[in-house]
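Undergrad: Show me the folded form of this:
(one chain, ligands or ions: 1)
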Amino acid sequence: MVASLYSKESEKKDICIFLEHRGAGLAPVSLELLSKGRELASHAGWTLTGLLLGYQVAGAASEAFDYGADRVILIDNPKLELFTVDAYTHVAYQIIDVYRPGIFLLGATMDGRDLAGRLAVRLRTGLNADCTGLQLDVEEGRLVCEVSGFGGGILALIEMEKHRPQMATVRPGVFLPSKMSAVKSGQLIRPEIEIPDEIIRTRVVERVIGEGVDLTQAPVLVAGGRGVEGNFEMLNDLAQLLDGDYGATRPPVDDGFVERERQIGQTGVVCRPNLVIVCGISGAFHFVVGIQEAETIIAINSDRDAPIFEYADYCIVGDVHEIIPLLIKALREDRVAERPA
Ligand SMILES: Cc1cc2nc3c(=O)[nH]c(=O)nc-3n(C[C@H](O)[C@H](O)[C@H](O)COP(=O)(O)OP(=O)(O)OC[C@H]3O[C@@H](n4cnc5c(N)ncnc54)[C@H](O)[C@@H]3O)c2cc1C
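TA: Predicted coordinates for the structure are as follows:
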């Protein structure tokens, strides 16, 4: 097997997180990874580092300290303003070569996945993709990654014995972001790294920001399955009244009733809403992993033996086409009654 750029023996006891930023602040998945990283690093006595690449993004470093980073390595360069895998790989590789973290984590986002694959090859190390859990074996200094395999039928725990850094991408929504209770400062390191023009093989011609859907941030979710028979307008009405959003299982997405970014589950998004109302969904494992961390689960299904009822806090046996309109009507009446005369 090809040896990695550096070995376990020369690694630093450091967990490094690739920090993604969205406009003003860090992306939710970066806050989630920092929080989990803080927990693992504190337990093992390691340091927690954030790697922040971009242009005029220094403000995001203080947010990283708020979420537990001991230090942030910041490369502020106009050539990093927009993500290109060439420039980001070039810079991340050099930082990793110098700082040699034992562990390097990224969010399983579009950019995170793009960068992780390219970087892992250049570093000649392994990559655990799309993890749903992380532990750290302190004695061995090994990252234990939880990954579901064979269509969700098994949950595999994967470790990297020799190759460093131990790289993993983690799905958004898996960990809870938790801000440090006390004000925390940290060390801001600003290395100079040259980015030659010729290494960037993509040119951004135009940037269009779509509306986008992020179900991981919705406090209330109304999820619909095949039993809804494509009537997602009804679910959207209910979601709006509850100040939430709506999502779906895979069949309505495959049938074109709902956009793919609204798919919940193993191959969709993992959510942790305060409340999820699950409508006309059988409760297959592939879907349940996307909502099982919700605080309260209400399930509506016409089949009293549907597996989803095993996960629900409140079970309603009945037809969604009758129950949802009744809920919408009751909520609207409530709103009218609440309005001052
Ligand atoms: C590798 C792999 C990955 C997958 N990833 C995902 C994923 O990310 N997300 C996902 O959702 N699925 C995923 N799936 C598919 C998953 O296994 C299930 O097939 C899917 O979740 C079933 O969706 P459903 O519950 O909407 O449909 P069904 O299983 O067909 O269930 C429909 C339910 O609706 C109820 N119903 C019917 N009519 C009514 C009515 N009028 N009122 C009330 N209830 C009614 C029925 O009783 C039934 O329980 C994946 C599968 C594989 C193999």
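Undergrad: Same question for the most centrally placed residue in the chain, what's its three-state structure.
TA: For the chain, the residue sitting closest to the mean C-alpha position, by C-alpha atoms, centre = their mean, is residue 172 at 0.8 Å. Of the three states, residue 172 takes coil according to DSSP: H, G, I helix; E, B strand; the rest coil.
Undergrad: Based on its surroundings, how many neighbours for residue 62?
TA: 15 (other C-beta atoms under 10 Å). The C-beta positions use only the backbone N, C-alpha and C, and glycine is treated the same way.
Undergrad: ok, what's across the strand from residue 71?
TA: residue 49, residue 187 (DSSP bridges).
Undergrad: my guess is it contacts residue 51, does it?
TA: No - contact criterion C-beta atoms under 8 Å: residue 71 and residue 51 do not qualify, at 10.1 Å.
Undergrad: Comparing the two, which residue is more hemmed in?
TA: Set side by side, residue 71 and residue 51 show more neighbours around residue 51, with 24 against 19, by other C-beta under 10 Å.
Undergrad: Would you mind pulling the contact partners of the helix or strand hosting the more buried one?
TA: Per DSSP states H and E, residue 51 falls inside strand 47-54. Judged by C-beta atoms under 8 Å, 6 or more residues apart in numbering, the contacts made with strand 47-54 from elsewhere in the structure are 12-19, 21, 30, 34, 37-38, 41, 60-61, 64, 68-77, 80-81, 88, 91-92, 95, 99, 101.
Undergrad: what's around the closest residue to residue 137 other than its chain neighbours, how many residues?
TA: Leaving aside its chain neighbours, residue 137 sits nearest to residue 144 (5.8 Å; criterion: C-beta to C-beta, 6 or more residues apart in numbering). Neighbourhood size, residue 144 [other C-beta under 10 Å]: 17.
Undergrad: circling back to that earlier point, now for the residue nearest to the centre of the chain: which residues touch it?
TA: Residue 172 makes contacts with 28, 29, 32, 107, 108, 109, 216, 269, 270, as judged by C-beta under 8 Å, 6+ apart.
Undergrad: what about the residue lying closest to residue 169 once chain neighbours are set aside, distance to residue 233?
TA: Closest residue to residue 169 apart from its sequence neighbours, by C-beta to C-beta, 6+ apart: residue 108 at 4.1 Å. Counting by C-beta to C-beta, to the nearest Å, the gap from residue 108 to residue 233 is 31 Å.
Undergrad: More neighbours: those two, which one.
TA: Neighbours per residue, other C-beta under 10 Å: of residue 108 and residue 233, the larger number sits with residue 108, 19 against 8.
Undergrad: Wait, that one touches residue 127, no?
TA: No - here residue 108 does not reach residue 127: they are 10.8 Å apart, not a contact under C-beta under 8 Å.
Undergrad: between those two, what contacts are shared?
TA: A shared contact of residue 108 and residue 127, defined by C-beta under 8 Å, 6+ apart, is any residue touching both; here these are residue 169.
Undergrad: Angles on the backbone of the residue nearest to residue 280 when sequence neighbours are not counted, please.
TA: When the adjacent residues along the chain are set aside, residue 280 lies closest to residue 227, with 2.1 Å between them (C-beta to C-beta, 6+ apart). Per-residue torsions, residue 227: phi -60, psi -20 (degrees, to the nearest 10).
Undergrad: Residue 227 reaches residue 306, doesn't it?
TA: No - with contact taken as C-beta under 8 Å, residue 227 and residue 306 are classed as non-touching, separated by 9.1 Å.
Undergrad: what about the helix ranked longest in the chain, average pLDDT?
TA: Ordering each helix of the chain by length in residues (DSSP state H) puts helix 320-338 first. In this model, helix 320-338 has an average pLDDT of 92.
Undergrad: Tell me which residues of stretch 191-200 come out buried.
TA: For stretch 191-200, a neighbour-count test (16 or more other C-beta atoms under 10 Å) marks 193, 195, 200 as buried.
Undergrad: my bad, stretch 295-308
TA: Within stretch 295-308, the residues that qualify as buried by neighbour count (16+ other C-beta under 10 Å) are 297, 298, 299, 300, 301, 306, 307, 308.
Undergrad: what's the farthest-apart pair in these?
TA: 298 and 307 (15.5 Å; C-beta to C-beta).
Undergrad: Just the contacts of residue 172: which are in helices?
TA: Secondary structure assignment by DSSP H places 28, 29, 32 of those in helices.
Undergrad: if I read this right, the first one contacts residue 177, doesn't it?
TA: What that stands for is residue 28. Yes - assessed by C-beta under 8 Å, residue 28 is found in contact with residue 177 at 6.5 Å.
Undergrad: where along the stretch 1-150 of the chain do the helices fall?
TA: In chain order, the stretch 1-150 of the chain shows helices spanning 28-44, 59-66, 85-99, 110-123, with DSSP state H, counting those that start in this stretch as the criterion.
Undergrad: Could you chop the chain up by domain?
TA: Partitioning the chain according to automatic domain parsing yields domains covering residues 6-199, 215-338.
Undergrad: Quick one, which of the ones you listed gets closest to the ligand.
TA: The minimum distance between the ligand and these falls on domain 215-338, with 2.4 Å, by C-beta to the nearest ligand atom.
Undergrad: which sections of the stretch 1-150 of the chain are below the confidence cut-off?
TA: 150 (pLDDT under 70).
Undergrad: Good, wrapping up.
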